[in-house]
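Structure of the sequence below:
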Amino acid sequence: MSRFARIPATVITGFLGAGKTTLLRHLLAHADGLRIALIVNEFGDIGVDGSLLADCATAGCGEEDIIELANGCLCCTVADEFLPTMEKLLNRPHPPQHILIETSGLALPKPLVKAFDWPDIRSKVTVDGVIAVVDGPAWLDGRFTSTAEQKARPDHDNPLEEVFDDQLACADLVLLNKADLLTDDTVALLEGRLRARLRPGVKLLTTRHGVVDSRLLLGLGAAAEDDLQARPSSHDNEAGHDHDDFDSFAVAMPVLRDPQILGERLRQIITAHDILRLKGFVAVAGKDMRHVVQAVGSRVSSYYDRPWRPGEARSGQLVVIGLKGLDRPAITAGLAAAEPENG
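Below you'll find the predicted structure:
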């Protein structure tokens, strides 16, 4: 890369649980020595994705290159958090060769892309592309789509649909993810529906577990900051993006005997309270490895990701995200009672 060339940045957007972090883990594992910096933004006080990504750091992207911005949304904290972070990266003795940015699942990508038009950033960085990751099963279930009857109501408001539509409208490339959970016929159906909603020239790829050739994602050359007018947003005429429609909180978890029992309990709690996203870590009795818990809607998965580090507190914590009005006391009590070690 020429010393005068602008550094490419790729924005990874997509709703809660679509598979953004899994995609980034795959990209880091196949970076071929490219010097990468990664900015991770999460909705809520507790960061989970940053920890998962730091544990798969590579020669080209060490833990010091993974910057986590929690308790906020980059589309709302551009001046306060994003721009200072970018300036620090760019002022390093050896700046990154590519910057990856994972937005929170509730973020609008367009305000973030606008930030790249700031003079101090524009002269040094360009938005190589905006990639939207779509949770195929969740979209099939109607999570992001209002019916004609619902739209006809005077009080109709679907904040999930607004965020989803804005993410698609800003994308240069869309990944229809989790195709492994769908039939071939259903994949073809969803591909047709997605293509009908995308801007001319936007590419669509179908993926499983976020596996895709990095050469298809990096090097798009979109210069997204130069064609903002072609990326319509339902929030274009608003001063900011209101997240008051959503709640997030963390729950401390006891040491568990059986993760499988926890999974069954989580499905009950998620269904009863219509929780959108649940993720975090738990400690399992007799196990020296950290146990990761991920839930999108009623789909719950878990796995051991790494050994507990020397001196690291073997404690669990789960982050809960949903629409405003979540019954926090009931959810907290339900999670805390999920198969304790001495129960």
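
Can you list the buried residues in the top helix by length along the chain?
Longest helix of the chain, by residue count under DSSP state H: helix 259-273. Judged by neighbour count using 16 or more other Cβ atoms under 10 Å, the buried positions of helix 259-273 are 259, 262, 265-266, 269-270, 273. To be clear about C-beta, it is placed using only N, CA and C from the backbone, and glycine gets the same treatment.

what mean pLDDT does it have?
Confidence over helix 259-273, taken as the mean pLDDT, stands at 89.

what do you get for stretch 111-123?
Per-residue pLDDT values over stretch 111-123 give a mean of 86.

Now do it: everything it contacts.
By Cβ atoms under 8 Å, 6 or more residues apart in numbering, the residues outside stretch 111-123 that reach it are 6, 9, 11, 74-76, 78, 82-83, 86-87, 90, 101, 103, 125-127, 130, 170, 224-225, 228, 231, 235, 241.

And stretch 23-34, end to end?
Stretch 23-34 has an end-to-end distance of 16 Å (criterion: Cα to Cα, to the nearest Å).

List the buried residues in that stretch.
Judged by neighbour count using 16+ other Cβ under 10 Å, the buried positions of stretch 23-34 are 23-28, 31, 34.

ok, these vs F249, which is closest?
The shortest approach to F249 among these belongs to L24, at 24.8 Å (Cβ to Cβ).

Could you say which helix or strand holds the closest one?
helix 20-29 (DSSP states H and E).

swap in Q317?
Assigning secondary structure by DSSP H and E places Q317 in strand 316-323.

elements contacting that strand?
Other elements packing on strand 316-323 under the criterion 3 or more Cβ pairs under 8 Å, 6 or more residues apart in numbering; DSSP states H and E are strand 246-253, strand 277-282, helix 328-336.

Turn these into a markdown table, columns for distance to S315.
Below are the helices and strands packed on strand 316-323 laid out as a markdown table (distance: least, Cβ to Cβ, whole Å):
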| stretch | distance to S315 |
| --- | --- |
| strand 246-253 | 7 |
| strand 277-282 | 8 |
| helix 328-336 | 13 |
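
Need the ones you listed in a markdown table (columns: mean pLDDT).
As requested, the helices and strands packed on strand 316-323 are arranged in a markdown table below (pLDDT from 0 to 100):
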| stretch | mean pLDDT |
| --- | --- |
| strand 246-253 | 88 |
| strand 277-282 | 90 |
| helix 328-336 | 91 |
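
for those, which one ends up most surrounded?
For these, the largest average neighbour count (mean count of other Cβ atoms under 10 Å) is found in strand 277-282, namely a mean of 23.

all strands for the stretch 151-300 of the chain, in order.
For the stretch 151-300 of the chain, the strands identified by DSSP state E, counting those that start in this stretch occupy 173-177, 203-206, 246-253, 277-282, 289-296, 299-307, in order along the chain.

One more: the stretch 1-150 of the chain?
Taking DSSP E, counting those that start in this stretch as the criterion, the stretch 1-150 of the chain carries its strands at 7-14, 36-41, 66-69, 98-102, 125-135.
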